[in-house]
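Participant: Prediction below, plus the sequence it came from.
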Amino acid sequence: MEFNNDPVCIKDLEKLAMRVMPGGAWGYYDSGANGEQTKRDNEDSFSEYRLHPRMLRDVSQISTETTILGQKVKTPLGVAPCAMHKLAHPGGEAATSRAAAKNGSIMILSTYSTTSLEKVIAQGNGDTQYWMQLYVYQNRSVSEKLVRRAEKAGFKALVLTVDAPVLGRRLVDARNKFNPPPHLRLENFMDPEVANDPAGYSSSLAYSTSETFGATFGANGDQTLSWANGISWLKSITSMPIIVKGILTAEDTRLAIEHGCAGVIVSNHGGRQLDGALATIDALPQVVEAADDKIEVYLDGGVRRGSDIFKALALGARAVFVARPVLWGLAYKGEHGAYHALDLLQKELELTMTLSGTTKVSEIDESYVYRPANRWIRYAPGKNGNPKKLLAKL
Ligand SMILES: Cc1cc2nc3c(=O)[nH]c(=O)nc-3n(C[C@H](O)[C@H](O)[C@H](O)COP(=O)(O)O)c2cc1C
Ligand SMILES: CC(C)CC(=O)C(=O)O
């Protein structure tokens, strides 16, 4: 496990990306919704959990191999769907795709990709799984065409994002009056049949500010989408397994099972949608319990260290996805940078496994992690060493 001369951790990569990216694009990637409570909580909540390592075990061979949707993968670390990778680097999603393939990571491609889905999957090495993320439009034939194209191109699963019936309000974008550069195209919409759709979906990013973009997104999105009318419709047009992205509760997990979904991604969209929603690592245990091993549970949001991945796996996630870290890597140095972001997290995961006495993903269970109740009270000496008194004081 060798680290190279690139930035030594994801936080350093973030600082570098902030320096090289134009302000508006940086703001779009970075921003959360409203007061950004949820965005902060996603990262901070990981540090509320502590590891419970075991010693004197043979840790000379570490493997992160696991199975996801029944397929062997090299690592439980994947790339979450993000719009417009070309805002970070001209290599865009094609560069990210090669980076993901090199790391053996699943890549989920955003509907709002600036590279066509066919070109993105063509960068793979045959072993990597690609999943297609979907937003459902009022004109469902637009979504249907995307689904059919993705299946034909070889995508292995459909990821339905359910936490964005309309776009959250990102104050940074509103202040910046953020406009993506006019040369960027949402290439998945360049299929002439889709681009000329009477509902007016366009291949160009034809919106003047993120405020109007938000309105356009809301105007085209299908806000009537429901468990009853959404999942069965998707099942009627594709044989790809359906994964629901944006689940935070046991109740919705049970509904995903009832409706025949193959998995759920515990996600709050990186804190970009409902500000105040709980952190994903805090939502994970109730989702895992409700899933009851009937469907797979994945997580994204705030993962910045290998130990965060380890904690999520310990609490029952089958895989963990990252969004901003990969975008920061891409902004830093294209494919090399995106790979570096994944490689850093991968190596940190291996290091955490080694130092915790686990050699396989299947060994990482809840016995390796705990959240100390009243941590400060338990560990602060207190005036008279009396925790009760301290509690009363607090
Ligand atoms: C710039 C950006 C664009 C995103 N675009 C999409 C998208 O097109 N579809 C989607 O389902 N989620 C999108 N997301 C949400 C991510 O998939 C993911 O849920 C979240 O960002 C994970 O948190 P992290 O950025 O802390 O890793 C986007 C996130 C960011 C930061
Ligand atoms: C183009 C947007 C709808 C992508 C998105 O989901 C986001 O910005 O969070």
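Facilitator: Sure, I can see it. Numbers count the residues shown, from 1 in each chain. Ligands and ions are numbered 1, 2, ... in the order given.
Participant: Residue ranges in the protein under the pLDDT threshold?
Facilitator: Low-confidence regions of the chain, defined by pLDDT under 70, span residues 1-4, 191-215, 373-394.
Participant: Kindly recompute the last result at 90.
Facilitator: For the chain, applying pLDDT under 90 flags the ranges 1-5, 128, 179-183, 189-220, 370-394.
Participant: What parts of it come near ligand 2?
Facilitator: 83, 112, 164, 167, 217, 269, 272 (CB under 6 Å from any ligand atom). Any C-beta I mention is one placed from the backbone N, CA and C, and that applies to glycine too.
Participant: Against residue 93, how distant is the last one?
Facilitator: If I follow you right, that is residue 272. As for residue 272, its distance to residue 93 is 19 Å (criterion: CB to CB, to the nearest Å).
Participant: neighbour count winner among the two?
Facilitator: Regarding residue 272 and residue 93, a neighbour count based on other CB atoms under 10 Å identifies residue 93 as having more, with 29 against 25.
Participant: host element of that one?
Facilitator: Here residue 93 sits within helix 92-103, counting by DSSP states H and E.
Participant: Show me how far that helix is from its chain's centre.
Facilitator: Here helix 92-103 is found 15 Å from its chain centre; the criterion is CA atoms, centre = their mean, to the nearest Å.
Participant: could you dump that helix to PDB, C-alpha only?
Facilitator: Included here for helix 92-103 are C-alpha records, laid out as PDB according to Å, rounded to 0.1, in the frame of the first residue of the first chain:
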ATOM      1  CA  GLY A  92     -15.500  15.100 -18.200                       C
ATOM      2  CA  GLU A  93     -17.300  11.800 -17.600                       C
ATOM      3  CA  ALA A  94     -15.100   9.900 -20.000                       C
ATOM      4  CA  ALA A  95     -12.100  10.600 -17.800                       C
ATOM      5  CA  THR A  96     -14.000   9.700 -14.700                       C
ATOM      6  CA  SER A  97     -15.100   6.500 -16.300                       C
ATOM      7  CA  ARG A  98     -11.500   5.400 -17.000                       C
ATOM      8  CA  ALA A  99     -10.600   6.300 -13.500                       C
ATOM      9  CA  ALA A 100     -13.400   4.300 -12.100                       C
ATOM     10  CA  ALA A 101     -12.500   1.300 -14.300                       C
ATOM     11  CA  LYS A 102      -8.900   1.500 -13.200                       C
ATOM     12  CA  ASN A 103      -9.900   1.400  -9.500                       C
END
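Participant: after that helix comes which helix or strand?
Facilitator: Once the chain leaves helix 92-103, the following helix or strand, as judged by DSSP H and E, is strand 107-109.
Participant: Quick check: next helix or strand after that next one?
Facilitator: Next in sequence after strand 107-109, counting helices and strands by DSSP H and E, comes helix 117-122.
Participant: now check the next helix or strand along the chain from that next one, is it near ligand 1?
Facilitator: Per DSSP H and E, the first helix or strand lying C-terminal to helix 117-122 is strand 130-134. Yes - Strand 130-134 comes into contact with ligand 1 (CB under 6 Å from any ligand atom), by way of residue 133.
Participant: ok, residue 303 touching residue 322?
Facilitator: Yes - here residue 303 reaches residue 322: they are 5.1 Å apart, a contact under CB atoms under 8 Å.
Participant: list residues touching both of the two?
Facilitator: Shared contacts of residue 303 and residue 322, defined by CB atoms under 8 Å, 6 or more residues apart in numbering, are found at residue 345.
Participant: On the three-state scheme, residue 234 is what?
Facilitator: Look at residue 234: counting by DSSP: H, G, I helix; E, B strand; the rest coil, its state is helix.
Participant: What sits closest to whichever residue of the stretch 101-250 of the chain sits closest to ligand 2 if chain neighbours are left out?
Facilitator: Closest contact between the stretch 101-250 of the chain and ligand 2, by CB to the nearest ligand atom, is at residue 112 (4.0 Å). Among residues not flanking residue 112 along the chain, residue 83 sits closest, at 3.6 Å (CB to CB, 6 or more residues apart in numbering).
Participant: export the residues of the chain next to ligand 2 to CSV and tack on distance to ligand 1?
Facilitator: As requested, those are exported to CSV (distance: CB to the nearest ligand atom, whole Å):
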residue, distance to ligand 1
83, 4
112, 5
164, 7
167, 10
217, 10
269, 5
272, 6
